[in-house]
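Student: predicted coordinates and the sequence they were generated for:
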Amino acid sequence: MSRWQGPKRPPGARETREKGPRAEPPGFRTRLVAARAHRRVLRERRPIEEALALETKTLQLPPADLGLARAILTVAFRRRGTIRLAMASRAATGEIAEAGPLQPLLETAVAQVLFMEVPDHAAVDCAVEIAKRDGEAKHYAAFANALLRRIAAEKNEILAATPDHADAPEWLFERWTRAYGPDAAGAMARIHRQEPPVDLTAFATLSPDIPGRMLSTGSFRLETEAAIPALPGYAEGAFQVQDAAAALPARLLHARPGQRIADLCAAPGGKTAQLAAAGADVVAVERSAQRAERLRDNLARLKLAAEVIVGDALTLETEPFDSILLDAPCSATGTIRRHPEVAWTKTLSDILALARQQAALLASAAGRLKPGGVLVYATCSLEPEEGERQVEAFLANHPQFLRLPVTVSQDAVPAEMITPDGDLRVLPSHLAPEGGADGFFAARLQRRV
């Protein structure tokens, strides 16, 4: 019995073959995920990690490819000003059309061409192919090809002609210039272009096999790209990852055994761990149950104990504390080097709204402090509304509080990080010879007896 072979062609008819889908060029899906996540970051104002997690629900990637997508996104936002200038100056109209994924697709491709050690043709070919497969962007596939190839050919000229501050959004750079002066603002913008260092806070003697050096602030700065969990002492709880600037606010409390200390807005728990390691009885308050669970996990690995309360710091009902650390929710502009999307997703309205929330949290925390107790207010923000001005307003409205100035001798804080009023103000360009730091603010306040 013969097998059925389908209908026969009419006599004289030409044989035709149905065209199947074009093969994906190598790296296609990785770059598609990066472009889609880029668009999601800007449209939905999400962190890079959240955007990637959402996109990889449908387009799953192996770990190495996910790492490349993450690197593309990080570079695309870290150097977005340069990327957009290069594109606009080489587009006939000076603008890139709003056509589906075209803009994020081009920005992520230019990031690879200008700043990443990937073959130019891989970035260009994948971007063009992604454009061709999109209903809106396909009309601009030839434009994308020509633009990307021109940028690749003119790479050195582009990098040489771009101003140092180009990658800082103009409105933010102007604010930093007013707050800290043009030299400091320029230094901050330049260091934001660099990869951030990784610092450790040690709770035991660090293994000599961990490459790095101690900083003047007491943190240990790594000089290795090895995975953190693979470092000796990690599983045993010898250290935690914590930027040098982020480690300072908890130290300003000078916690000691027997003190009852609240850490408000505590997750992921780095400062809680510092206070617990000093012997204090710590109550860590965190509004998010998921983040509180992460805090518990971190404390468990470090073999440290604290009472963890899932709740709102504004409505916390508890006995007064000897000391309080309030690391308040903020715009996080001090962490732009680690989270470069922050520069492009935060607005002035966000800063002002967060400042109102911080004022409420600060007033609430003040009411939970014993007479003579110390309150440290901190934010990882470079914006004065969330730092210096917040404390000025608080002291004006709470005469029962006074500022306890931070000092070089008492607190082991470098002089460049102390404001004329005695507050802690870390700029990303501080510790520049060692690689800089996160931006941070902290003020130490005491309730009068």
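Tutor: Good, I have the coordinates.
Student: tally of neighbours for Pro268?
Tutor: 17 (other CB atoms under 10 Å). All C-beta atoms are positioned from the backbone trio N, CA, C, and that covers glycine.
Student: residue contacts, it?
Tutor: The contact partners of Pro268, by CB atoms under 8 Å, 6 or more residues apart in numbering, come to Arg291, Arg294, Leu295, Asn298.
Student: repeat that for 10 Å
Tutor: The contact partners of Pro268, by CB atoms under 10 Å, 6 or more residues apart in numbering, come to Gln240, Val241, Gln242, Glu286, Arg291, Ala292, Arg294, Leu295, Asp297, Asn298.
Student: what's the pLDDT at it?
Tutor: pLDDT for Pro268: 94.
Student: please indicate which of the contacts of Pro268 are buried?
Tutor: Those of the contacts of Pro268 that meet the buried threshold are Gln240, Val241, Gln242, Glu286, Arg291, Ala292, Leu295, Asn298, by 16 or more other CB atoms under 10 Å.
Student: what residues are bridge-paired with the second one?
Tutor: Beta-bridge pairing of Val241, defined through DSSP bridges, involves Leu200.
Student: quick one: it and Arg301 touch, right?
Tutor: No - in this structure, Val241 is not within contact of Arg301 by CB atoms under 10 Å, at 11.5 Å.
Student: re earlier: pick the one among the buried ones among the contacts of Pro268 closest to Thr407.
Tutor: Gln242 (22.4 Å; CB to CB).
Student: tell me what the longest strand along the chain is packed against?
Tutor: Longest among the strand segments of the chain by residue count, using DSSP state E, is strand 369-379. The contact analysis (3 or more CB pairs under 10 Å, 6 or more residues apart in numbering; DSSP states H and E) places strand 369-379 against helix 248-251, strand 260-264, strand 321-327, helix 348-366, helix 388-397, strand 440-447.
Student: chain center to the first one: distance?
Tutor: Yep, that's helix 248-251 we're talking about. Put simply, helix 248-251 sits 20 Å off its chain's centre (CA atoms, centre = their mean, to the nearest Å).
Student: residue numbering should commence at 835 henceforth.
Tutor: With the count now opening at 835, the last piece we talked about shows up as helix 1082-1085.
Student: which strands and helices lie in contact with that helix?
Tutor: With contacts taken as 3+ CB pairs under 10 Å, 6+ apart, helix 1082-1085 sits against helix 1104-1111, strand 1155-1161, strand 1203-1213, strand 1258-1260, strand 1274-1281.
Student: tell me the mean pLDDT over the fourth one?
Tutor: For strand 1258-1260, the mean per-residue pLDDT is 98.
Student: residues in contact with that strand: which ones?
Tutor: With CB under 10 Å, 6+ apart, strand 1258-1260 has contacts from 1013-1014, 1051, 1077-1080, 1082-1083, 1085-1086, 1168, 1210, 1212, 1214, 1216, 1218, 1221-1222, 1239-1240, 1245, 1247-1248, 1250-1253, 1270-1278.
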